[in-house]
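K.L.:
Give the three-dimensional model of this entry:
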Amino acid sequence: MGKSSAAPESPPEYTISALEDGLRVLALVGQLPELKLPQLAAQAGMTKSKVYRILQTLIHLGYVWLDDDHAAHLGSAALILGQQAHEQHSLTQTARPVLDDLAHWTGENIHLVVREGQHSLVIDIRTSPHPVRMFARIGRIGPLHAGGSPKVLLAHAPGEVLDTLLRAPLERFTASTITDPGALRQELHQIRTDGAHVAISDLEEETFSIAAPIFDFQGRVIASLSVAGPLMRLNAEKRRQYLEGVQKASRQLSLKLGMTDARQA
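P.N.:
Residues are numbered from 1 along each chain as shown. Modelled structure (predicted):
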C-alpha cells in the first residue's frame, strides 16, 4: 500500500512569530471557549498585554468576539473558515487516495460506509477488476446487524441505536446472520475490543468483508472502511494481510481527519 508523505515543515527563517502567536491564541479560543484574558495568557504562555493585542486584532477581523463577561468565543469569520475547511476536506475527498491505494493493493472491492439512522449507507466504492466480484454501488442502503462495515458502525453507535434495532426481530440474510440479541451484543463488544471485524457470509452467501472504523477529530466513529469479495479468494494469509491493511488504512484516514491517539474511542 502506498504511504502518504507529510507536508514538509517550513524552514524557521520563513516563519512569522507574530502570526504563530495569533494562531495559537485563536486555537485556544476554539479549544477552551469562554476563557478570559488572564486564563488565555496563562494557557498561551504569553503576557496579558500581548494576548490583549492579539484578541483585539482577531475581534477586528471577526474571528473572535467577547461576551459581557469578557470571555472569548469564536466569531463568524472562524465559522466560515471552518466550513470552508470542512468542504475542502470532506470525508469522501479525504478518503480518495486511501481507497485507491487499498484497492490497488488488494484487487478487491473497497467500501466506505456511514450510518444513516438504523441503516448503513455506502458513500464511496472501488470495484474489483476480477470478473467474479461482489455487487457494490454508491448509495446502497443496508442493515446494521450484518456485514463487515455495518457491524463496525453499530458497535460504535450510541446505545439507543442498538436498543431501537433490537425492539424488532433481526432479519436473517444467510445462515450465518446473527439474529439473537445477546449474541449480537457480545459480538459488538468483541468488535470494539479488536478494533476491526471480519464478517464471513452473514449478509451475502460466500462472501467476506473485513472492516475497521474511521474516527474524526473528536474521537467519534463517523464511517467504516472495508475490503470485500468472494470467499473463494480469501485464504488464511490474505485474511491476515487484509485485516492488517484495512486497519492501517483506516488509521491513516482517521489521522487525516484529525484523530489523535488521545481522542480515539
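K.L.:
And for Ala41, the neighbour number?
P.N.:
21 (other Cβ atoms under 10 Å). C-beta here means a position set from N, CA and C on the backbone, and glycine is covered the same way.
K.L.:
if I pick it, what's in contact with it?
P.N.:
Thr47, Lys48, Lys50, Val51 (Cβ atoms under 8 Å, 6 or more residues apart in numbering).
K.L.:
Okay, and it sits in which element?
P.N.:
With elements taken from DSSP states H and E, the one containing Ala41 is helix 37-44.
K.L.:
Quick one: distance of that helix to the chain centre.
P.N.:
32 Å (Cα atoms, centre = their mean, to the nearest Å).
K.L.:
got the buried residues for that helix?
P.N.:
By 16 or more other Cβ atoms under 10 Å, the buried positions in helix 37-44 come out as Leu37, Leu40, Ala41, Gln43, Ala44.
K.L.:
Looking at those residues, spot the one nearest Leu184.
P.N.:
Lowest distance from Leu184 to the buried residues of helix 37-44 (Cβ to Cβ) belongs to Gln43, with 45.0 Å.
K.L.:
which residues touch that closest one?
P.N.:
Taking Cβ under 8 Å, 6+ apart as the definition of contact, the neighbours of Gln43 are Leu28, Leu32, Leu35.
K.L.:
For Ala157, see how far away it is.
P.N.:
Gln43 sits 34 Å away from Ala157 when distances are taken as Cβ to Cβ, to the nearest Å.
K.L.:
Kindly report the same for Gly75.
P.N.:
When Cβ to Cβ is applied, the distance between Gly75 and Ala157 equals 34 Å.
K.L.:
Show me where the stretch 1-150 of the chain has its helices.
P.N.:
For the stretch 1-150 of the chain, applying DSSP state H, counting those that start in this stretch gives helices covering 17-31, 37-44, 48-61, 76-88, 91-106, 148-155.
K.L.:
chain center to the fourth one: distance?
P.N.:
Put plainly, it is helix 76-88. When C-alpha coordinates are averaged (Cα atoms, centre = their mean), helix 76-88 and its chain have centres 19 Å apart.
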